[in-house]
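K.L.:
sequence first, predicted model second:
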Amino acid sequence: MAIDRRDSNDHLHTDVILGKITEYDIFRYYCPNFKILGKKFKSDLRQDNSPTVSIVPYNGKLLYKDFGSPDHTFDCFNYVKFKYSCDFYSALNIIDSDFNLNLSSKKDGIKFTMGLMAYRQNKTPAYTKTEVILKKKRRQWTRDDAKFWSKYFVSKKILTMFGVEPISHFWVNSTRFTCKSVTYAFRFKNRYKIYSPYEETNKWLSNTKKTDVQGYNQLPYKGERLIITSSLKDVMCLHAAGYNAIALQSEMQIPSDKLISELKTRFKTIDILYDNDFDKVTNPGQTMAVKICDLYGFNNICIPDSYQSKDPSDLVKSVSRFNELKNILNEQRRDY
């Protein structure tokens, strides 16, 4: 039986790490020959006489791809795992320590990580965070777009209101990529989340900051009820159902005291509606929801397991109406 070495105060998760640094930062730190996205360089994982490796965006994630050794294809976390011959959680600890993120709750985390330093063969360069620049080319809305979003009762008007655009291409720094299926850009000022919903894995590419609150600019100045949920898709689905909602950049992110203090002056009640990963051994969304509710005195709303839907948009899609979602929100509501 696998043992989960994280305790309840451990925030060492991939999405939390990527809320603080980027995949590009991780590759630049640990991969000594990597300089520019899409440009080939020599492998540091094997003997390589000519440049055969590229780091490229693929399915919303940066991948290390070695064309001379096809089994050497990794995302940034598995690259660190493979390079230092450790397990996945140990790789997260290495990154946490080297970037001084202080996400692990373990008091011996630094010693634990330093013990793995023996596996390292080369010193890594001094860390300098490098901004990833995302640009996009907009396309026209199509029937395929309407077919996808109508499942969640999200109209073109709502998509436009929340800064969602259909795109045909995007650029990561200077490297251009063509979208192979319907893809969208979620705009946050001059930053973007690129969303490819039909990709099986790695649907996202982003250069947003953790201070970019999804749905914040669309909120009324005052209101009765606010729901903090998991994603912009859920925010838009809840808006279509008649509810005010926002989402942080990650479920594993603790909202700032400043944000919560402001929202409390604007809304009479605030509820948390995070994912219910009913089909997994661990349930990180509900674990974090309980933690935030305990911290700020909010009410936790959880979609019951019987619906077999982890979030609001999944529920609406599965039943093709808002009735069940509204019933859950009303039944689990708690007035302060």
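P.N.:
Cool, got the structure. In this text, all values refer to a predicted model and were calculated from it rather than measured experimentally. Numbering: from 1, shown residues only.

K.L.:
gap between stretch 302-321 and the chain center?
P.N.:
Centroid displacement of stretch 302-321 relative to its chain, using Cα atoms, centre = their mean, to the nearest Å, is 20 Å.

K.L.:
okay, how far is it across it, tip to tip?
P.N.:
In stretch 302-321, first residue to last residue: 18 Å (Cα to Cα, to the nearest Å).

K.L.:
which of the residues in it are buried?
P.N.:
C302, I303, Y307, S309, K310, D311, P312, S313, D314, L315, V316 (16 or more other Cβ atoms under 10 Å). For glycine as for every other residue, the C-beta is placed from the backbone atoms N, C-alpha and C.

K.L.:
just confirm the last one is within a helix.
P.N.:
Going back to what we said before, that points to V316. Yes: under DSSP: H, G, I helix; E, B strand; the rest coil, V316 sits within a helix.

K.L.:
list the contacts of it.
P.N.:
Listed by Cβ atoms under 8 Å, 6 or more residues apart in numbering, the contact partners of V316 are K151, Y152, F153, C237, A241, F322, L325.

K.L.:
the second one in helix, strand or coil?
P.N.:
State at Y152, reduced to three classes by three-state DSSP: coil.

K.L.:
adjust the sequence numbering to begin at 21 for everything that follows.
P.N.:
Noted, 21 is the first residue going forward, which turns the last one into Y172.

K.L.:
that one contacts A261, doesn't it?
P.N.:
No: using Cβ atoms under 8 Å, Y172 is not in contact with A261, being 9.9 Å away.

K.L.:
helices along the stretch 171-320 of the chain, start to end?
P.N.:
Secondary structure of the stretch 171-320 of the chain (DSSP state H, counting those that start in this stretch): helices located at 176-181, 252-260, 277-286, 304-316.

K.L.:
winner for burial among the ones you listed?
P.N.:
Mean neighbour counts were compared across the helices of the stretch 171-320 of the chain using mean count of other Cβ atoms under 10 Å; the top stretch is helix 252-260, at a mean of 24.

K.L.:
name the helices or strands packed onto it?
P.N.:
Secondary-structure packing of helix 252-260 (3 or more Cβ pairs under 8 Å, 6 or more residues apart in numbering; DSSP states H and E): helix 176-181, strand 243-249, strand 264-267, helix 332-339.

K.L.:
change it to 6 Å
P.N.:
If you count contacts as 3 or more Cβ pairs under 6 Å, 6 or more residues apart in numbering; DSSP states H and E, helix 252-260 packs onto strand 264-267, helix 332-339.

K.L.:
ok, which stretches of the stretch 121-270 of the chain are strands?
P.N.:
154-158, 184-192, 195-208, 211-215, 224-226, 243-249, 264-267 (DSSP state E, counting those that start in this stretch).

K.L.:
any idea which of those scores lowest on pLDDT?
P.N.:
Among these, strand 224-226 carries the lowest mean pLDDT, at a mean of 79.

K.L.:
tell me the strands beside that one, with direction?
P.N.:
Here strand 224-226 is paired, per DSSP bridges, with strand 211-215 (antiparallel).

K.L.:
show me the shaky parts of the stretch 21-170 of the chain.
P.N.:
For the stretch 21-170 of the chain, applying pLDDT under 70 flags the ranges 21-31, 79-80, 125-151.

K.L.:
what's the answer for the stretch 171-320 of the chain, then?
P.N.:
Low-confidence segments of the stretch 171-320 of the chain, defined by pLDDT under 70, span residues 220-222.

K.L.:
of the contacts of V336 - the most surrounded one?
P.N.:
Of all these, C257 has the most neighbours under the rule other Cβ atoms under 10 Å, reaching 28 neighbours.

K.L.:
that one: what's it in contact with?
P.N.:
By Cβ atoms under 6 Å, 6 or more residues apart in numbering, C257 lies in contact with Y172, P332, S333, V336.

K.L.:
roughly how far does it sit from N347?
P.N.:
15 Å (Cβ to Cβ, to the nearest Å).

K.L.:
and of the buried residues of stretch 322-341, the nearest to H33?
P.N.:
Closest approach between the buried residues of stretch 322-341 and H33, by Cβ to Cβ: K330, at 16.6 Å.

K.L.:
what does the pLDDT read for the closest one?
P.N.:
90.

K.L.:
pretty sure it is touching D299, no?
P.N.:
No: at 8.0 Å, K330 and D299 do not qualify as touching, with contact defined as Cβ atoms under 6 Å.

K.L.:
N210 - how many residues pack around it?
P.N.:
So N210, with other Cβ under 10 Å, has 9 neighbours.

K.L.:
now T302: phi and psi?
P.N.:
Main-chain dihedrals, T302, degrees, to the nearest 10: phi -100, psi 160.

K.L.:
of the strands of the stretch 121-270 of the chain, which is nearest S124?
P.N.:
Of the strands of the stretch 121-270 of the chain, the one closest to S124 (Cβ to Cβ) turns out to be strand 224-226, at 23.4 Å.
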